[in-house]
Every structure is written in C-alpha cells, then in structure tokens.
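Q: model this:
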Amino acid sequence: MSVTLNYKQRREMVAGAKATLPLILGAIPFGIIFGTLAEPSGLSAMGALAMSVFVFAGSGQFIALGLLAAGAAIPVIIATTFVVNLRHMLYAANLVPKVRHLPQRWRVMMAFGLTDETFAAVSNRYLVEQDTTDAHWFYLGSWLAMYSNWVFCTGLGIGLGELFPDMTSWGLDFAMSVTFIGMVVPYLKNKPMWGAVVVAGAMAIATISLPHKLGLLVAAVCGIAVGLSLHLLLQRQLNAADTTAREAGSEESVL
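A: Got it, this is the predicted structure:
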C-alpha cells in the first residue's frame, strides 16, 4: 500500500531530519566505535548489525557488548540494559499527551524510534510551534535520520575495525559527550531548566558509583523534581502577583 504525503507532511519530515543533523554528527563516532568493538567482544559482524537494526539503543548496546565480553548470562544482560534505558520511560511520559490521539501503529513506531537525540529535537518542535497536527511526521523524519545513521555507522565501524584494530583508543567517544551538552544548552532559558540541569548533573556525579548506571535514573528523577518544583513555585508567584494586581485595580475603580 503506497502512502502519498502532502506538502506539509513532507516539510515536517525534512524539518525533523534537519533538526537532528547536528546531533547525528556527534553520534557518528559513537556508532563507528560500537562497530569496531563488536567482534573483539565476541559478537559477530552480522550480530552487531542485527542489534543496531532491531534494538537501536546506543548506550544499551554498548553495555550489552561489555557484559557479553565479560561472559555475563543473558538474563543479566537483559536486566542491566533494561535499567539503563529506564530514562526512556521519562521521555515517553512527556510525549504521551502529545501523541495519544495517533493510531496505535504510529505510537508503536514512535516507541521504537525514541532516542535521546530524537526526543530533544521533537521536544523543541513542540515548544517552538503551536500547530502539532503533523508533528508526528517531524518525529518520523528525525527517527529515520538517526536510525539510518546508526545502522550505517555500525557497518562502517565493523569494516574499519578490521583495518584499524586500535581505533577504540582514538578518543572518538568524546563526541557523544559534546552531543549531549549540545542537546541540553538550548533549553537553558529559565530558572526551572537551570535548576533541573544543575541538580541532575550534581546527582549524576554523586551517584556515579551506583551499579548498573542507576545513578543516571536517580539524577534524572531528582532533576525533574527540582525543575517541576521551581516551575510550580514561579507559577504560584505569578498567579499571586496577578491576583494582587486585579484586586488593586478593583479598589481603584471603586474609589
């Protein structure tokens, strides 16, 4: 069954891909490194490609690779990657009100394609533009751009890993840290956002020794709690100021 896209849907898809492009540039070394690490860790080339095609979870794939190399049991690998990717539940909770009107086939596709980069790009789309009628096409454009890049870079890494066995020592993984910083900076526009980022960063450092990367989840929850608290506090102050202004206006009109 063919699908014909109208002009607005095509524009949304292109915009989604363009918005994700800067984040893709940072993810390229990450995908290449995964490909180079696959075979030395005991995963075949086809296994690495299949993981990128069907799992599509960068950090989860790296952790699974490390556990596989250490000889961990399959249940341990599944449980650990599940914990590490719990942050996606926070992403999903944020997106649910915006996508609940979509058919199930769309929501299933969006769940599979949910990554840190796509969430950042799509969240900004919802903040900047009020018309969200075709925003799911923006999501699709972002997801397809990230997905194709990840699978391609995995394959590229597998090939380069055979040519340059010492690529993992080149420090390419630093690009991913820069990418995550670039994802956060555009949102630092008010006190709640600053509070959330500062607290989450501090908690991530303080809980770095927790097993299975649980510190990331703790940091995320603490950051959200602080950001939401500050947002509600500021909203209450604005409402109080508005009420005071209205009361003052009413008194002046009576006099």
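
Q: Name the helix or strand for residue 147, please.
A: helix 135-163 (DSSP states H and E).

Q: Buried ones in that helix, by neighbour count?
A: Neighbour counts over helix 135-163 (16 or more other C-beta atoms under 10 Å) mark 135-147, 149-150, 153-155, 157-158, 160-161 as buried. Where you see a C-beta, it was placed from the backbone N, CA and C, and this is true even at glycine.

Q: same question, stretch 68-75
A: Per 16+ other C-beta under 10 Å, stretch 68-75 contains these buried residues: 68, 72.

Q: which other residues reach it?
A: For stretch 68-75, the external contacting residues (C-beta atoms under 8 Å, 6 or more residues apart in numbering) are 40, 41, 42, 43, 77, 80.

Q: ranking the residues you listed by neighbours, who comes first?
A: The most neighbours of any of the contacts of stretch 68-75, using other C-beta atoms under 10 Å, belong to residue 43, which has 21 neighbours.

Q: That one: what secondary structure?
A: coil (DSSP: H, G, I helix; E, B strand; the rest coil).

Q: Give me the phi and psi angles of it.
A: phi -110, psi 130 (degrees, to the nearest 10).

Q: Surely it touches residue 67?
A: No: Residue 43 is beyond contact range of residue 67, at 11.1 Å (criterion: C-beta atoms under 8 Å).

Q: and the closest residue to residue 57 other than its chain neighbours, what is it in contact with?
A: Of all residues beyond its chain neighbours, the one nearest residue 57 is residue 85 (5.9 Å), with distances taken as C-beta to C-beta, 6 or more residues apart in numbering. Applying C-beta under 8 Å, 6+ apart, we find residue 85 in contact with 57, 59, 60.

Q: buried subset of those?
A: Those of the contacts of residue 85 that meet the buried threshold are 57, 59, 60, by 16+ other C-beta under 10 Å.

Q: was I right about the second one contacting residue 84?
A: Yes: counting by C-beta under 8 Å, a contact exists between residue 59 and residue 84, whose distance comes to 5.8 Å.

Q: What are the buried residues along the helix or strand residue 18 falls within?
A: Here residue 18 sits within helix 7-38, counting by DSSP H and E. By neighbour count on 16+ other C-beta under 10 Å, the buried set for helix 7-38 is 9, 12-13, 15-17, 19-20, 23-24, 26-38.

Q: Which elements pack onto that helix?
A: Counting contacts by 3 or more C-beta pairs under 8 Å, 6 or more residues apart in numbering; DSSP states H and E, helix 7-38 packs against helix 45-54, helix 58-69, helix 116-128, helix 135-163, helix 174-184.

Q: Tell me what angle it forms with helix 58-69.
A: 20 degrees (axes from the mean of the first three to the mean of the last three C-alpha atoms, to 10 degrees).

Q: any idea of the mean pLDDT in helix 7-38?
A: For helix 7-38, the mean per-residue pLDDT is 88.
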